[in-house]
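>>> quick one: sequence and predicted model below, then my questions.
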Amino acid sequence: MEYYSLHRKSPSVTFRNAVIQGLAPDKGLYFPKSITPLGRHFFEDIEQLTDEEIAFQAIRQFVGDEIPEAELRNIVSETLSFPFPLVEVGKNVFSLELFHGPTLAFKDVGARFMARCVGYFNRADPHARNTVLVATSGDTGGAVASGFLNVPGVEIVILYPDGKVSDIQERQLTTYGRNISALRVDGVFDDCQAMVKAAFLDPDLAHLNLTSANSINVARWLPQMFYFFFAYKRLKSLGRPLVVSCPSGNFGNICAGVLAKKLGLPIAHFVASTNANDTVPRFLKSWEYDPKPSVETLSNAMDVGNPSNFIRIRELYGDDKSKFDTEFSSYPFSDEETSDAIQIIFERFGYVLEPHGAVAYLGLQKELARFPDAVGIFLETAHPVKFREIAEKILSFPIEVPAQIEELMRLKKVSSRIGDYGQLKSFLLKQK
């Protein structure tokens, strides 16, 4: 499999090089040169397949022969070492819980897959060294830190907006030590992401072999399609159209869902549910892409003003407005609406949502009004404890704290503060 830059000004590369480079030299995101739909029998027999087999069949064409089949199967198996339950929340509405991994967030899947791919590539060259730069608005950094902890030859540097992630999220970024470094940035997530992209293109840092573990990296993005296959497998017997709502910040999750549909997965409609950072909802109304600086909300992991992965979604749809109109919607919701949803869902169903899942639920309900015969799925992307201050304030009772979080609360946070790209560059040059 070859990957090309969506800016179309750089040479095509292999899967391995796309993973190691992260971003193309022309600043474009990498995208697979071909997408071959899975066979009819795959979907006819999907209920008889294990989740690991489904994931392997979905990902294998995008890896090609860069990783041997036995090794790739092992990577997939280690990636999927936790469950992905569907919980009914109202008639024909299901929460797809993606927070049962080690850091209690959906990004554990992509981070674990990418870490194991990089680990495999580095085993072939014991002298290989990589520095993984990560910009995070909340959960990415923790998942990457966990996934890459002690991976030989890899240093992790995480940038996060100071004061704009929850306490538990910050602890998951700043307490690992060893090959993990955390940098607090004076700014917002978009500032962190801009610094990361600038570092990739800085010739003075070429010797560090920089790459990214954000969803701009194909190895982080691609495995996120697994959840959509798992949900279909479990709901196929209902024989009804599926509408899926994703809480959307950098749009990696929903982009992976659209890719799954291109592989043949029968999803009738996608909803990109956003908070006040409404770049994509505005685009779908005006067909003019006008990103604005991000604003702070309760659903902080979605506080992204210029979502990187939306260009991949446009590529998947061939920038065809009619396809967007048929298969894809996007709606913004306020903090007040988000809080009300958390309260109402608990009162009606006894189910505790965190802010991102609440936004996804709201988007799903809006779209189901247009698809009355559909089954709805919304992605619950993080455990409520990661936003317990918000949830406890709304619901007026304590959120149960999992054992791994109790242990985390006893650890000391260690981070460095930076204000601009120059300071990031100085920090990186001191690493080697």
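Arrived safely. Residues are numbered from 1 along each chain as shown.
>>> use CA for all of it now, contacts and neighbours both
Noted.
>>> quote the end-to-end distance of stretch 23-42.
33 Å (Cα to Cα, to the nearest Å).
>>> quick one: list the elements packing against the lengthiest helix in the chain.
Using DSSP state H, we find that the single longest helix of the chain is helix 107-123. The elements that helix 107-123 packs onto, with contact taken as 3 or more Cα pairs under 8 Å, 6 or more residues apart in numbering; DSSP states H and E, are helix 15-21, helix 69-79, helix 139-148, helix 218-221.
>>> go again with 10 Å.
Contacting helix 107-123 under the criterion 3 or more Cα pairs under 10 Å, 6 or more residues apart in numbering; DSSP states H and E are the following elements: helix 15-21, helix 69-79, helix 139-148, strand 154-161, helix 218-221, helix 226-235.
>>> what angle do helix 69-79 and that helix make with each other?
For helix 107-123 and helix 69-79, the angle between their directions (axes from the mean of the first three to the mean of the last three Cα atoms, to 10 degrees) works out to 140 degrees.
>>> gap between helix 107-123 and the chain center?
Distance of helix 107-123 from the chain centroid (Cα atoms, centre = their mean, to the nearest Å) equals 14 Å.
>>> I'd like to know which of the helices and strands packed on helix 107-123 is closest to residue 296.
Taking Cα to Cα as the measure, the helices and strands packed on helix 107-123 were each checked against residue 296, and strand 154-161 came out nearest at 10.8 Å.
>>> pull up the pairing partners for that closest one, direction included.
Partner strands for strand 154-161, per DSSP bridges, with pairing direction: strand 130-135 (parallel), strand 180-185 (parallel).
>>> and whichever helix or strand comes after it with strand 180-185, angle?
Secondary structure here is assigned by DSSP states H and E; on that basis, the next helix or strand after strand 154-161 toward the C-terminus is helix 167-174. Counting by the same axes, to 10 degrees, helix 167-174 lies at 130 degrees to strand 180-185.
>>> helix 167-174: how far from the chain's middle?
Centre-to-centre, helix 167-174 and its host chain are 17 Å apart (Cα atoms, centre = their mean).
>>> tell me the mean pLDDT for it?
Along helix 167-174, the predicted local confidence has a mean pLDDT of 88.
>>> go on, stretch 341-356?
Model confidence over stretch 341-356, given as mean pLDDT, is 96.
>>> can you give me the buried ones in it?
By neighbour count with 16 or more other Cα atoms under 10 Å, stretch 341-356 contains the buried residues 341-343, 345, 352-356.
>>> could you do stretch 308-325 as well?
Of all the residues in stretch 308-325, those buried under the rule 16+ other Cα under 10 Å are 308-313, 316-317, 324.
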